[in-house]
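Asker: okay, predicted coordinates and the sequence, questions at the end:
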Amino acid sequence: MMKSADVASTNGTEPATPKKGAKTAGVVATWADDRLGLAKATKGMSLRKVFPDHWSFMLGEIALWSFVVLLLTGVFLTLFFDPSMAEVQYNGSYDPLRGVHMSRAMASTLEISFDVRGGLLMRQMHHWAAMIFIAAMMIHLLRVYLTGAFRKPREINWIIGCTLLLLGTIEGFTGYSLPDDLLSGTGVRAADGFMKASPVIGTYMSFFLFGGEFPGDQIIPRFYAIHILLIPGILLALITFHLILVVYHKHTQWPGPGKTEENVVGPPLMPIYMAKAGGFFFIVFGMTALLGGLFTLNPVWKFGPYDPSKVTAGSQPDWYMGWPDGLLRIIPPWETHIWGVTFSWNIILPILVMPPLMLTVLIVLPFIESWITGDKREHHLLQRPRNAPTRTAVMAALITFYGLSWAAGGNDIIAIKMHLSINQITYFLRGAVIIGPILAFIITRRWCISLQRHDEGKLLHGYETGVIVRSPDGGYAEKHLPISEAAAYTLTARDREEVYSSNGAADEAGVAAPGGKKAEIANKVRGKLSELMYADNVQKPTAEELHDAQHHADHELHELENQIASGPNQHGPTSDH
Amino acid sequence: MRLLNRSAGRLSRHRRGPIAGLVVLLLGLLMTGGLYAVFAPAQADSTDSQEELVKDGRELFLVGCAFCHGQNGEGVLTQDGTQYGPALTDVGAAAVDFQVGTGRMPMATPGSQAPRKEVVYTDAEIAALSAYVASLGTGPAIPDAELYDPDTLSSEEYDEYVVRGGQIFLANCTACHNFEGSGGAMPRGGYAPKIRGVDPKHIYEAMLTGPQSMDTFSDGNIPPDDKKAVIAYLNTLEEQPSYGGFTLGGLGPVSEGMIAWFVGMGGMLAFAIWGASHTTRTSRKKDGADA
């Protein structure tokens, strides 16, 4: 017979009762734990889990919470949206379209906008949240990249993040297409064209997706299934996995006193971080509601129903599709005809090649870096962007390319708003998308190295005090004082880098490195890249250098004090004359 | 000032008389009607006044237009054979009324396109210029108000016109002028101008004459009634409340993207920075426990 109080001791009428004194919450917790085993399951994810605090760690949270806003508003919209391309005559309350024939998708979108209480607000919130979702993912990605948070053991989370960005974009595009208004229809028409530009299989793909010739009556229901079921499901799963990995890896942190590769310093999940993160949800929700309430987004009633014979100026995709659209706008009209097959390079390159290429580049960046550096250690302390000049410069080049392509996507708006010729904008951007990234790379890299030099100066010569001292022979100099020990610790909490030498592979006796010719070439490339990456960087001072600097600073301080003590200033300014 | 006070006083003394108000009213009406009869080009039935108008117009033309368009409106070519100012022999009165009435002509500087600007000539002068250019050849006349003015429609008719006009607008106009009439870019610095806040008469004339890079939408292409429907739709676009909030210039996704980044992301970043700088840790820092 069991003795525990929680287990019934008899089969009699008297139930087993817990001992007195347990509070209600405790009772509930015990009740739940007995049945769900929560205590055991959450053992690895303690509520005392520590999250370091920094504004840049909130960027991913913006994305997370805007995704929650998307789910909430999205559910509302599904209650009223009818994803059907059946033709109906609009009879709702928006007069200028009454009597016009349109798909049920469009009609129900108008109904949501004008006849469902709060419908327009929900529609606009949903759309704004989508724009914010992807923007926040992108900024979060930049933060992770520029601080080196993608390094081991977080490479898989990096890949998941990149995949989320891709899926978010596709999700956004399908959502943009659902209302079946003139703008979204133009977008779908463009997508149809992109598919058809794929050599040989293009038309098959298009007919497969549209269930026949464009536009057909299949595409909206199909996009709907993808938009509300398939992609959100994958997104949800990946986000969950992404977060589990964050908990499992523990969050990265900025270096500083008391912070090491082995610990995490910050407030615990419960209650502080939980309250902050929960509060942040309401901020994101509130901001989205403000946007949805104040700013028109996609006024479908002005676009009217889609009709392949119509188009409007200012037909652009949502911002996240802007950069391939921009490349499409500026690429020269290159085409090749081989055996009756047309290769439209002007579509293949910007649309079918560039976005997947960009994504691939993003995904492989961490692996290329760790191959060059040979660094296979775990990293939990972040790096300042300046302390990885080449990495930072690579992202600056990529983002410059992105930004210029993006600007090209709005070339018509730039032309009318800045009174420029759209042709000149196009010619300029054709050159700029190639030259710009190169310049950005060089400038950013040198800029970072200069900042490193500045840090070195602060460590070795102290900070600028603003005290100008005139020497006995009449020269003026600003006095520097040593920075605090904590600041010095933070500045020096980074690794010394070594350029990988490919010569090391073949020793002096001429014995080639294992792997033969291929490995030798790979080693040479690695050596060159390592040189590019590290050779110009400013390494942190050695302990002796710091010690000497400290010594020197003490001496300077004494000298300064002596000068002040013996200088003319002690007589006061008036007695000089 | 004293003179003004005195005459005003005198006027008010006269107004005390019972018939004076009526006399002033009659005088005003007579003068307005008389001036209208002199300057209104469409109704000008007296050949004498028409000839007078053309003569006046020619005077104005020689001063303000002939430099580019030629002394007889035959156009001027540059040395390398390109057009300096096009011939105006067959453009008609409507074209002049549009170009001069919207301030596009006279051009301030040569350029890719004549922008809409402050109108230089008075209505009477525009009428004279139109009459003169109309006398040079064929071309559409200035339309009557009942052709373009949607206010002449009854309210049921109006709604029906708006719906029809919207569809015609989306099929023929938005490709260049944008779904909200905000305008769009054309090659080589040209542009389709913003057409919100434009006089219905000028919209009608623009469709009729196809100014600058715009197509001509003849009456065979878009019948006058449909033109009026388009104008009615544009009226509605302007008059209807902006249902979704600020319209961001009615430019489409570009300005929406800018709001998403600057207002949306900018605001949330500000909140993130605010949130991260208010922690238990940093408040301790402020007390000076941590450097």
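Answerer: All right, it came through fine. Numbers count the residues shown, from 1 in each chain, chains lettered A, B, ... in the order given.
Asker: the strand ranked longest in chain A pairs with which strands, parallel or anti?
Answerer: Criterion DSSP state E: the longest strand present in chain A is strand A:463-470. Partner strands and pairing direction for strand A:463-470 (DSSP bridges) are strand A:476-481 (antiparallel).
Asker: avg pLDDT for the strand it pairs with?
Answerer: Strand A:476-481 shows a mean pLDDT of 86.
Asker: check stretch B:53-67 too.
Answerer: On average, stretch B:53-67 scores 93.
Asker: do stretch B:140-152 as well
Answerer: 91.
Asker: measure stretch A:175-189 end to end?
Answerer: Its first and final residues considered, stretch A:175-189 spans 15 Å by C-alpha to C-alpha, to the nearest Å.
Asker: quick check: mean pLDDT of it?
Answerer: On average, stretch A:175-189 scores 95.
Asker: which other residues reach it?
Answerer: A:81, A:83, A:85, A:102-103, A:105-106, A:109, A:126-127, A:130, A:173, A:191, A:214-215, A:219-220, A:223-224, A:227, A:298, A:300, A:303-308, A:310-312, A:315, A:317-318, B:170, B:174, B:179, B:252-253 (C-beta atoms under 8 Å, 6 or more residues apart in numbering or on different chains). All C-beta spots, glycine's among them, are computed from the backbone N, C-alpha and C.
Asker: narrow the residues you listed to those in helices?
Answerer: Applying DSSP state H to these, the entries found in helices are A:105-106, A:109, A:126-127, A:130, A:173, A:191, A:219-220, A:223-224, A:300, A:303, B:170, B:174, B:253.
Asker: what's the PyMOL syntax to select whichever of those residues are buried?
Answerer: The buried subset of the ones in helices among the contacts of stretch A:175-189, as determined by 16 or more other C-beta atoms under 10 Å in any protein chain shown, is captured in PyMOL by this line:
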select buried, (chain A and resi 105+106+109+126+127+130+173+191+219+220+223+224+300+303) or (chain B and resi 170+174+253)
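Asker: for the residue of the stretch 101-250 of chain B found nearest chain A, grab phi and psi.
Answerer: Closest to chain A within the stretch 101-250 of chain B is B:Gly184: 2.8 Å, counting by C-beta to the nearest C-beta. As for B:Gly184, its main-chain torsions (degrees, to the nearest 10) stand at phi -160, psi 170.
Asker: what is the burial count for A:Pro356?
Answerer: When neighbours are defined as other C-beta atoms under 10 Å in any protein chain shown, A:Pro356 has 11 of them.
Asker: you'd agree it is in a helix?
Answerer: Yes - judged by DSSP: H, G, I helix; E, B strand; the rest coil, A:Pro356 forms part of a helix.
Asker: and the gap between it and B:Lys228?
Answerer: A:Pro356 sits 51 Å away from B:Lys228, going by C-beta to C-beta, to the nearest Å.
Asker: repeat for A:Gly436
Answerer: On the measure of C-beta to C-beta, A:Gly436 and B:Lys228 end up 50 Å apart.
Asker: looking at these two, which one has more neighbours?
Answerer: Remark: of A:Gly436 and B:Lys228, B:Lys228 carries more neighbours, 25 against 17, as counted by other C-beta under 10 Å.
Asker: isn't the more buried one right up against B:Tyr161?
Answerer: Yes - between B:Lys228 and B:Tyr161 there is a contact under C-beta atoms under 8 Å: 6.6 Å.
Asker: overlap in contacts of those two?
Answerer: Residues touching both B:Lys228 and B:Tyr161 (C-beta under 8 Å, 6+ apart): B:150, B:153.
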